[in-house]
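Novice: no letters, just coordinates:
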């Protein structure tokens, strides 16, 4: 009978070891699942930023077409002090869009919004005009001024919180 009692104790230890191994495997599985979900969340955020960046680039091109057509709405100084782009609500929410132009408003360009991976709303842009001088040119000489246009745009992602702001300086090729 003494041999039987030793066998019973060994079975109890084996059960305890198996339970510990199961807990360890479960913890490893939970950790792997969390890592995979974090990677997916980061990828979604990056895709949303890319959507906003593409929308902002499209708005830059739209503003350049607007300037070339001569129909550009250049910002009125009443919208703020220089530099205007730092003082204006680019999204158009605060001032009702008085100082900014919505994508396609002047050029008629179309952009789909609000579904799936599309931007939740159209990008907006702001155009400021200033005198430009070529390198080596005497700015005090008086002559006919040439103008450059600083274009500031805001693009939106599929989520409202995702926004990208880009800025470019543009001058008409014929100047």
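Specialist: Sure, I can see it. In this text the structure is predicted, and so the values were computed from the model without any measurement.

Novice: where does this protein dip in pLDDT?
Specialist: Confidence mapping of the chain against pLDDT under 70 gives the ranges 1-11, 76-82, 94-97, 139, 142-143, 173-175.

Novice: what do you get if the cut-off is 50, keeping everything else the same?
Specialist: For the chain, the stretches with pLDDT under 50 are 1, 8, 175.

Novice: and the longest strand seen in the chain, what other elements does it pack with?
Specialist: Longest strand of the chain, by residue count under DSSP state E: strand 146-156. Under the contact criterion of 3 or more C-beta pairs under 8 Å, 6 or more residues apart in numbering; DSSP states H and E, strand 146-156 touches helix 2-69, strand 124-132, strand 163-170. All C-beta atoms are positioned from the backbone trio N, CA, C, and that covers glycine.

Novice: of all those, which lies closest to residue 92?
Specialist: strand 124-132 (5.2 Å; C-beta to C-beta).

Novice: gap between the closest residue to residue 74 other than its chain neighbours and residue 73?
Specialist: Of all residues not flanking residue 74 in the chain, residue 129 sits nearest, at 4.8 Å (C-beta to C-beta, 6 or more residues apart in numbering). Distance, residue 129 to residue 73, by C-beta to C-beta, to the nearest Å: 11 Å.

Novice: between the two, which one's more packed in?
Specialist: residue 73 (16 against 13; other C-beta atoms under 10 Å).

Novice: surely that one and residue 128 touch.
Specialist: No. With contact defined as C-beta atoms under 8 Å, residue 73 does not reach residue 128; the gap is 10.9 Å.

Novice: what is in contact with these two at once?
Specialist: Residues touching both residue 73 and residue 128 (C-beta atoms under 8 Å, 6 or more residues apart in numbering): none.

Novice: return the most buried member of the helices and strands packed on strand 146-156.
Specialist: With neighbours taken as mean count of other C-beta atoms under 10 Å, the helices and strands packed on strand 146-156 reach their highest mean count in strand 124-132, at a mean of 19.

Novice: any chance of the helices and strands packed on strand 146-156 in a markdown table, plus distance to residue 141?
Specialist: Formatted as a markdown table, those follow (distance: least, C-beta to C-beta, whole Å):
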| stretch | distance to residue 141 |
| --- | --- |
| helix 2-69 | 25 |
| strand 124-132 | 12 |
| strand 163-170 | 22 |
